[in-house]
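1. Take this sequence and fold it.
(chains A, B, C and D)
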2 protein chains.
Amino acid sequence: MVNPPARHPPVMADVARAAGVSHQTVSRVLNDHPNVRAETRARVLAAIDRLGYRRNLLARALVTRHSRTLGVVSFDTALYGPASTVYGIEQAARAAGYFVSIVSLRTIDQAGVRDALDYLAGQSVDGVVVVAPQRSAASALADLPRDLPAVAVEGGHEGEVPVVCVDQVEGARLATEHLLGLGHHTVWHVGGPSDWLEAEGRAEGWRTALEAAGRPVPEPLPGDWSPRSGYLAGRVLAREPGLTAVFVSNDQMALGVLRAFSEEGVRVPEQVSVVGFDDIPESAYFSPPLTTVRQDFGAVGRSSIEVLLRRIEGSGSFPRERLVVPPEFVPRASTSAVT
Amino acid sequence: MVNPPARHPPVMADVARAAGVSHQTVSRVLNDHPNVRAETRARVLAAIDRLGYRRNLLARALVTRHSRTLGVVSFDTALYGPASTVYGIEQAARAAGYFVSIVSLRTIDQAGVRDALDYLAGQSVDGVVVVAPQRSAASALADLPRDLPAVAVEGGHEGEVPVVCVDQVEGARLATEHLLGLGHHTVWHVGGPSDWLEAEGRAEGWRTALEAAGRPVPEPLPGDWSPRSGYLAGRVLAREPGLTAVFVSNDQMALGVLRAFSEEGVRVPEQVSVVGFDDIPESAYFSPPLTTVRQDFGAVGRSSIEVLLRRIEGSGSFPRERLVVPPEFVPRASTSAVT
DNA sequence: CTCGCCATTGTTAGCGTTCACAGTCATGCA
DNA sequence: TGCATGACTGTGAACGCTAACAATGGCGAG
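-> Numbers count the residues shown, from 1 in each chain, chains lettered A, B, ... in the order given. Next up, the predicted model:
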């Protein structure tokens, strides 16, 4: 007795033989083609079930030219922001029936992003999401393969690539106006790395809010997102006479500022009010609990996939797009009115 | 004049024509086959370069039966631990020339893990890494498709699947012995969710250390990794007479404990010493900076890929494997000797 | 001088699917 | 009764690559 189709997992032809139909009919059943007799369909499904057949997506992708895989390029996904964004993207993509292939960059620069995109293109992804918060990364998107649908998250508006982002400027404005509303004469700022678009947007929102209120704009202190850089900035700020309010560009640095203030005997919020940005899970338990601005990473992920799939599945060209997700102000105990 | 191979990107046959050789020779050049004349190789490479040819990995995978893609299944990659682990895995996999396709589970249970594995198997991944810190997830690995190489990270020792993990028991022992060494009579414990293997290991290490020293073992307080649950536990602990030392199962909960102590007027480390676990980037800037136990997620990622690739690329069977990465004790300011 | 070997190259046949195009058969209508 | 119609099914040819084998030609050994 000849060994049937042992060794390898069953293929469509095996199912066809078992069901007494042609492989094409099996394909039709699998693809929900309408013109299949109910009885035939049942027989095929039974055979599929009996043999434990699973369709080979590689072969399918080869002929359809669609891999149903999306590429994601991101900077250091161990960080809270990128990790949350990628998580949101993955959830949305899988819900839409797409696989997600990820490339996480250790350092970000134009060449790195381009290499990553090349790498993914070689894998025949149907499209890519680039979490490109740095100016240098954003510019790598400008010379993207013409036929590879892409969307940038938190990116700049270079080229034709659509962008999904949280309104950083608005978030910073909310934070700054909150502080001004509490009676603070002006607000100091600890910024993020200069080539990050998010840092830029937050600084811009802070500055505009101050200018709109006709207040002096202090020289911002530099930071690199790390608690340590916030701590260093905090040491400096603690010695600044007349300081009553600080807007820090992210929560981790704000933690460093709080730590420095605590060491220097500056009481928060009694003497100085502090606002952060991001609302990481820890912020509500800082000492004191940190007033901050929350970003809805889930919404960003969902929107970016939505935009991307529209370009992949829809045909024709699309207008330059820029989708802005609103931030949410989260008041806590690190801010108070001037007495 | 006939339009050469426009429209679609060039394929191997186009390169062959351009170089005046057969497609098989092009294939040989691409695969570094030795028997190709240097001059021919150069001509082919020139043609590849000129046409901008990129080999279609899908077609290659179809015939070689190797996709050079690894699947990663993980629980909520927005969390620090899983995010760091997945980051390490991705770095190691890409360095080895593999793509990484990720499935991030919102909730974890046996069915979820099995579905994820099915999903990935359907994509013809060459192997999977399961970041399965829960008992329920680990058991889903027991009935894995026989022919799909797999490795569990932080998993149990069910089935034949090799495991890579940080030595949680040892880490907890280090933390507990550190506290006992400072003169504390006993150490309280805030634990993680009961079905997490990491929580279990940490509780075990804590308990054994106490028992080995002949000290009383207080009833551990329950937690769910969140700062909030740590805070709630902290409220209870603050009222515990005679309490001088607490080992908290992760840094986020430790933050909650610190917050509760601060609110209740319990001074750390003067009155109570606190030790966490994980060493998240924020820990060094808590008030006070947190003594904790660091896990080397990069090493875990590298090791898991190493083990997995050995099974994919090597042939034959392998012994049941369990690779343990040592933790590192990080002393900071939240612990001090009993006065 | 002839044979066999080896380096090099080409030819053919898949991998497992979908697509395009034919068939077959029952039905409805003239 | 004949024939167009539409529902259903089958056949062959891609998709772009690698594997297996065949063919070619140059060279040294016998």
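2. Please list all residues in contact with A:Tyr87.
-> Taking Cβ atoms under 8 Å, 6 or more residues apart in numbering or on different chains as the criterion, A:Tyr87 is in contact with A:Phe297, A:Gly298, A:Gly301, B:Asp76, B:Thr77, B:Ala78, B:Ser104. (Each C-beta comes from the backbone N, C-alpha and C, glycine too.)
3. could those be laid out in a markdown table, adding secondary structure and distance to DNA strand D?
-> Output for those, formatted as a markdown table (DSSP: H, G, I helix; E, B strand; the rest coil; distance: Cβ to the nearest atom of the strand, whole Å):
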| residue | secondary structure | distance to DNA strand D |
| --- | --- | --- |
| A:Phe297 | helix | 37 |
| A:Gly298 | helix | 37 |
| A:Gly301 | helix | 32 |
| B:Asp76 | coil | 38 |
| B:Thr77 | coil | 33 |
| B:Ala78 | coil | 38 |
| B:Ser104 | strand | 31 |
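4. If you rank those by neighbours, which is first?
-> For these, counting by other Cβ atoms under 10 Å in any protein chain shown, the largest number of neighbours falls to B:Thr77: 27 neighbours.
5. Write out the residues of chain A neighbouring DNA strand C.
-> Chain A comes close to DNA strand C at residues A:8, A:11-13, A:23-24, A:27, A:30-31, A:53, A:55-56, A:59-60, A:62-64, as judged by Cβ under 7 Å from any atom of the strand.
6. Of all the residues in the stretch 101-250 of chain A, which one is nearest DNA strand C?
-> A:Ser124 (13.3 Å; Cβ to the nearest atom of the strand).
7. That residue: what secondary structure?
-> Applying DSSP: H, G, I helix; E, B strand; the rest coil to A:Ser124 yields a three-state assignment of coil.
8. residues near it, how many?
-> So A:Ser124, with other Cβ under 10 Å, has 21 neighbours.
9. cool, A:Glu328 as well?
-> 14.
10. Ok, the one 5 residues further on next?
-> For A:Ala333, the number of neighbouring residues by other Cβ under 10 Å comes to 14.
11. just checking, it touches A:Thr291?
-> Yes. Using Cβ atoms under 8 Å, A:Ala333 is in contact with A:Thr291, at 7.3 Å.
12. Just the residues contacting the lowest-mean-pLDDT helix or strand in chain A, thanks.
-> Ranked by mean pLDDT, DSSP states H and E, the weakest helix or strand in chain A is helix A:135-140, scoring a mean of 80. For helix A:135-140, the external contacting residues (Cβ under 8 Å, 6+ apart) are A:75, A:108-114, A:117, A:130, A:132, A:152, A:155-156, A:158, A:195-197, A:200.
13. Give me the nearest residue to the spatially most central residue of chain A, chain neighbours excluded.
-> Closest to where the C-alpha atoms of chain A average out (Cα atoms, centre = their mean) is A:Thr85, at 2.9 Å. Nearest residue to A:Thr85 in three dimensions, chain neighbours excluded: A:Phe297, at 5.0 Å (Cβ to Cβ, 6 or more residues apart in numbering or on different chains).
14. who's in contact with the one you found?
-> Taking Cβ under 8 Å, 6+ apart as the test, what A:Phe297 contacts is A:Gly81, A:Ser84, A:Thr85, A:Tyr87, A:Gly88, B:Ala78.
15. try it again with 6 Å
-> By Cβ atoms under 6 Å, 6 or more residues apart in numbering or on different chains, the contact list for A:Phe297 reads A:Ser84, A:Thr85, A:Gly88.
16. Surely the first one is in a helix?
-> Yes. Using three-state DSSP, the secondary structure at A:Ser84 is a helix.
17. So for the residue nearest to it when sequence neighbours are not counted, what pLDDT did the model give?
-> The shortest distance from A:Ser84 to any non-neighbouring residue, by Cβ to Cβ, 6+ apart, is to A:Phe297 (3.8 Å). pLDDT for A:Phe297: 92.
18. For A:Glu90, see how far away A:Phe297 is.
-> For A:Phe297, the distance to A:Glu90 equals 11 Å [Cβ to Cβ, to the nearest Å].
19. A:Phe247 now?
-> Distance from A:Phe247 to A:Glu90, by Cβ to Cβ: 32 Å.
20. on that earlier part again, may I see the ChimeraX selection of the buried members of the contacts of helix A:135-140?
-> Here is the ChimeraX selection string for the buried members of those, based on 16 or more other Cβ atoms under 10 Å in any protein chain shown:
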select /A:75,108,110,112,113,114,117,130,132,152,155,156,158,196,197,200
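21. Of the contacts of helix A:135-140, which belong to helices?
-> Among those, DSSP state H puts A:Gln110, A:Ala111, A:Gly112, A:Val113, A:Arg114, A:Leu117, A:Leu197, A:Glu200 in helices.
22. List the contacts of the fourth one.
-> Contacts for A:Val113 were tallied using Cβ under 6 Å, 6+ apart; they are A:Ala137, A:Ala140.
23. shouldn't A:Leu180 be in contact with A:Ala213?
-> Yes. At 5.5 Å, A:Leu180 and A:Ala213 qualify as touching, with contact defined as Cβ atoms under 6 Å.
24. any idea which element the residue lying closest to A:Leu221 once chain neighbours are set aside lies in?
-> In space, and not counting its chain neighbours, A:Leu221 is closest to A:Ala233: 4.2 Å by Cβ to Cβ, 6+ apart. Element membership for A:Ala233, per DSSP states H and E: helix A:227-237.
25. Which positions within the next helix or strand along the chain from that helix qualify as buried?
-> Counting by DSSP H and E, the next helix or strand C-terminal to helix A:227-237 is strand A:245-248. Within strand A:245-248, the residues scored as buried using 16+ other Cβ under 10 Å are A:Ala245, A:Val246, A:Phe247, A:Val248.
26. In its sheet, which strands sit next to strand A:245-248, and in what direction?
-> On the basis of DSSP bridges, the sheet neighbours of strand A:245-248 come out as strand A:188-190 (parallel), strand A:273-275 (parallel).
27. Mind checking the pLDDT average for the helix or strand just after the last one?
-> Put plainly, it is strand A:273-275. Remark: after strand A:273-275, the chain's next helix or strand is strand A:292-294, criterion DSSP H and E. The average pLDDT within strand A:292-294 is 98.
28. from the chain's centre, how far out does strand A:292-294 sit?
-> 16 Å (Cα atoms, centre = their mean, to the nearest Å).
29. elements contacting it?
-> The contact analysis (3 or more Cβ pairs under 6 Å, 6 or more residues apart in numbering or on different chains; DSSP states H and E) places strand A:292-294 against strand A:328-330.
30. Need the contact partners of the strand it packs on.
-> Contacts for strand A:328-330 (Cβ under 6 Å, 6+ apart): A:Leu174, A:Asp279, A:Thr292, A:Val293, A:Arg294.
31. which among the residues you listed gets closest to A:Pro269?
-> A:Thr292 (13.3 Å; Cβ to Cβ).
32. before we move on, back to that, mind giving me the PyMOL command for buried ones among the residues of chain A next to DNA strand C?
-> Restricted to buried positions by 16+ other Cβ under 10 Å, the PyMOL selection for the residues of chain A next to DNA strand C reads:
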select buried, chain A and resi 11+12+27+30+53+55+56+59+60+62
